[in-house]
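**Student:** Please find the sequence and the predicted model below.
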Number of protein chains: 2
Amino acid sequence: MATQTTRILGIDPGSHHMGIGCVEKTGNKLRLLFCEILHAPKNDTLYDRLEIIGGRFQKVLQDLRPDTVAVEDIFFAKNVRSAIYLGTARGMAIGACLSQGLKIHEYAPTLVKSVVTGHGRSDKVQVQKMVQLILGTRIELGFDATDAVAVAICHANHLDRDRMVRRLST
Amino acid sequence: MATQTTRILGIDPGSHHMGIGCVEKTGNKLRLLFCEILHAPKNDTLYDRLEIIGGRFQKVLQDLRPDTVAVEDIFFAKNVRSAIYLGTARGMAIGACLSQGLKIHEYAPTLVKSVVTGHGRSDKVQVQKMVQLILGTRIELGFDATDAVAVAICHANHLDRDRMVRRLST
């Protein structure tokens, strides 16, 4: 039986910087396919920033053609204003994925860290090192891209669990 | 000289209900072209709701082909969680408009009320009555649709001002 390959896109949304990371899972193997941090000029208005980041995000989505999408759940922000800005950037990315018929999977930040490093309160450097180790790469991904790749790895891990549950229940 | 017609789409975003209203401005005349409140089942997950509302929103956008888009600026929400949900719904709608090359214009809620009723602290019933009066309709639009139409009217009003400023400065 041919081993199934699943392409997972992880997103770390933001209206100034948006991290995207794509991993491919074949059997037990995970491979880093692509990652990038999309930037928008700091002094641009929210809509100008969203236009720049959104345009690039759409292009990446069309090029990568992922099978599924994973995103971190957000529980907190500095204030309501930041939460709305963060939500707006997140909504733009999610809307683009939904319009391509993709399913979105959401994971709490502590679960993502727990899956990647074994501890839900690891710092950014620890997450970065473990992501490099899991994917067998020494490339410094940058924190926003690392977070995006980490949530994709977390979803890859849950795919196994879901398959096992399905096998046991049939 | 032929009088220019501008089609303005107003949006009142929400992840449970999204109000959309489209007005057409020709010279000094405003005409209500379309309005609808998009609903999603209350108990669905955020992503299921966004999928339903986003799918219908894309369809309306393609059918209406507006020239420009107006949306209310958000300053407050019950809490950070609500702000993120509200921002996510708003980002999805804005992303869809930006991907069609549309410009987004943002107005503070007090300015919208001020333009429509003459007072920045009017209640929803007063806004609804004035929107009906301005557009010469007796149709009960529903509050979410009224808010969407109101922000479109506010933008129509600002188009005049912008044109006047351009005329004076040339």
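**Tutor:** Cool, got the structure.

**Student:** Next, the buried residues of the strand or helix carrying residue A:38.
**Tutor:** Per DSSP states H and E, residue A:38 falls inside strand A:29-39. Using 16 or more other CB atoms under 10 Å in any protein chain shown as the burial criterion, the residues of strand A:29-39 that qualify are A:30, A:32-38. C-beta coordinates here come from the backbone N, C-alpha and C atoms, glycine included.

**Student:** After it, which helix or strand is next?
**Tutor:** Of the helices and strands lying after strand A:29-39 in sequence (DSSP H and E), the nearest is helix A:46-64.

**Student:** How about that next one, which residues are buried there?
**Tutor:** For helix A:46-64, a neighbour-count test (16+ other CB under 10 Å) marks A:46-47, A:49-54, A:56-58, A:60-61 as buried.

**Student:** How far does the next helix or strand after it sit from its chain's centre?
**Tutor:** Tracing the chain C-terminally past helix A:46-64 and defining elements by DSSP H and E, one meets strand A:68-72 next. When C-alpha coordinates are averaged (CA atoms, centre = their mean, to the nearest Å), strand A:68-72 and its chain have centres 5 Å apart.

**Student:** export strand A:68-72 as PDB, just CAs?
**Tutor:** As requested, C-alpha coordinates have been extracted for strand A:68-72 and formatted as PDB (Å, rounded to 0.1, in the frame of the first residue of the first chain):
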ATOM      1  CA  THR A  68      -5.000  21.100   5.300                       C
ATOM      2  CA  VAL A  69      -4.300  24.200   7.500                       C
ATOM      3  CA  ALA A  70      -3.300  24.600  11.100                       C
ATOM      4  CA  VAL A  71      -3.400  27.800  13.200                       C
ATOM      5  CA  GLU A  72      -2.800  28.700  16.800                       C
END
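
**Student:** name the helices or strands packed onto the helix or strand just after it?
**Tutor:** The element immediately downstream of strand A:68-72 (helix or strand, assigned by DSSP H and E) is helix A:80-98. Taking 3 or more CB pairs under 8 Å, 6 or more residues apart in numbering or on different chains; DSSP states H and E as the contact definition, the neighbouring helices and strands of helix A:80-98 are strand A:5-12, helix A:46-64, strand A:68-72, strand A:104-107, helix B:46-64, helix B:80-98.

**Student:** In contact with residue A:61, which residues?
**Tutor:** Contacts for residue A:61 were tallied using CB atoms under 8 Å, 6 or more residues apart in numbering or on different chains; they are A:9, A:96-97, A:100.

**Student:** are any of those buried, and which?
**Tutor:** Neighbour counting with 16+ other CB under 10 Å marks A:9, A:96-97 as buried within the contacts of residue A:61.

**Student:** Just give me the closest of the residues you listed to residue A:154.
**Tutor:** When those are compared for distance to residue A:154 (CB to CB), residue A:9 wins out at 12.8 Å.

**Student:** Which pLDDT value does the model give the closest residue to the closest one other than its chain neighbours?
**Tutor:** Beyond its immediate neighbours in the sequence, the residue positioned closest to residue A:9 (CB to CB, 6 or more residues apart in numbering or on different chains) is residue A:66, lying 3.8 Å away. Looking at residue A:66, its pLDDT is 98.

**Student:** in the biggest helix by length in chain A, what's buried?
**Tutor:** Ranked by residue count and defined by DSSP state H, the top helix of chain A is helix A:143-168. If you call a residue buried by 16+ other CB under 10 Å, then helix A:143-168 has these buried ones: A:143-157, A:159.

**Student:** I'd like to check what contacts stretch A:75-90. Which residues are they?
**Tutor:** Stretch A:75-90 has contacts (CB under 8 Å, 6+ apart) with A:11, A:13-15, A:18, A:46, A:50, A:53, A:71, A:74, A:108-109, B:74-77, B:79-81, B:83-88, B:90-91, B:94.

**Student:** Next: stretch A:149-159.
**Tutor:** A:6, A:8-12, A:21-23, A:25, A:30, A:32, A:35, A:68, A:70-72, A:105, A:107, A:111-113, A:115-116, A:127, A:131, A:134-135, A:141.

**Student:** if you average pLDDT over that stretch, what comes out?
**Tutor:** 95.

**Student:** cool, stretch A:14-29 as well?
**Tutor:** Mean pLDDT, computed over stretch A:14-29, is 94.

**Student:** and it, which residues are buried?
**Tutor:** Buried residues in stretch A:14-29, counting neighbours by 16+ other CB under 10 Å, are found at A:14-25.
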